[in-house]
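Chemist: 3D, please:
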Amino acid sequence: MKVRSIRSKVLIAITGITLLTAAAMAFVFYGRSSRMIEENYITVLSQRTRLLTDTVDDMLKNVCNIDIKASCDKEIKEELEQYLNDKDEKRLNNISTRLRTFSKMDQAISSMYLVIPGESQFVTTLDYPVYRSGLKEDNLRQFETLCGKNGGPAIMDDLVHGKGNRRRWTGDRLSVCEYRRTELKI
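Modeler: Below you'll find the model as predicted:
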């Protein structure tokens, strides 16, 4: 079909120019938009990562402060000294009860431990076992080596439940905190 009228030629030319202009504008705006989306994505992702890092850092600082309070608690130290003098196991239950008050201060702590290296024992905030004697010598040596080498927090295998669980031990050789695995969504 041939187009012979001038009107139809002008109409086709105007439509063609309009479509070509619209396609060129769409291509330019698409390029700009994709660059802006990429830049915004990177910015938003870095902000979320920074916020997540700050949140985790604050949580761990709070747990560490609670752990330090428990390590320096006068009641726990007095009960421990009395236990070391008279070997009364009721004192270990009292220590466990006192540790439970500290472990309930933050949801990130599910249990705390008091390690007594000289006696090869530890006291937990768990319902069972409240305390356990007969720590393996190599576990105790590993614990003392980690705490002595780092001079601060260290991570090692759980002495109660085996190798599948990890615990954060403090460098003062007296207490330990367990962190629950928490999913934080970005």
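Chemist: make it CA atoms for all contacts and neighbour counts henceforth
Modeler: Noted.
Chemist: Quick one: the helices in the protein, in order.
Modeler: For the chain, the helices defined by DSSP state H cover 6-71, 74-86, 89-103, 137-150.
Chemist: Quick check: which of the ones you listed is buried the most?
Modeler: Mean neighbour count (mean count of other C-alpha atoms under 10 Å) peaks for helix 89-103 among the helices of the chain, with a mean of 19.
Chemist: Using CSV, write down the CA coordinates of that one.
Modeler: Only the C-alpha atoms of helix 89-103 are listed here, as CSV (Å, rounded to 0.1, in the frame of the first residue of the first chain):
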residue,chain,number,x,y,z
GLU,A,89,27.9,-27.9,97.9
LYS,A,90,24.9,-25.7,98.9
ARG,A,91,27.2,-22.8,98.4
LEU,A,92,27.5,-23.8,94.7
ASN,A,93,23.7,-23.7,94.5
ASN,A,94,23.8,-20.2,96.0
ILE,A,95,26.4,-19.1,93.4
SER,A,96,24.3,-20.6,90.6
THR,A,97,21.2,-18.7,91.9
ARG,A,98,23.2,-15.5,92.0
LEU,A,99,24.5,-16.1,88.5
ARG,A,100,20.9,-16.6,87.3
THR,A,101,20.1,-13.0,88.3
PHE,A,102,22.9,-11.8,86.0
SER,A,103,22.0,-14.1,83.1
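Chemist: hmm, back to that, take the helices of the chain and lay them out in TSV including mean pLDDT and distance to Tyr113.
Modeler: Conversion of the helices of the chain to TSV gives the following (pLDDT from 0 to 100; distance: least, C-alpha to C-alpha, whole Å):
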stretch	mean pLDDT	distance to Tyr113
helix 6-71	92	10
helix 74-86	92	12
helix 89-103	91	8
helix 137-150	74	13
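Chemist: Pipe the ones you listed into CSV and attach distance to Thr124 per row.
Modeler: Formatted as CSV, these follow (distance: least, C-alpha to C-alpha, whole Å):
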stretch, distance to Thr124
helix 6-71, 13
helix 74-86, 13
helix 89-103, 6
helix 137-150, 16
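Chemist: Thank you, goodbye.
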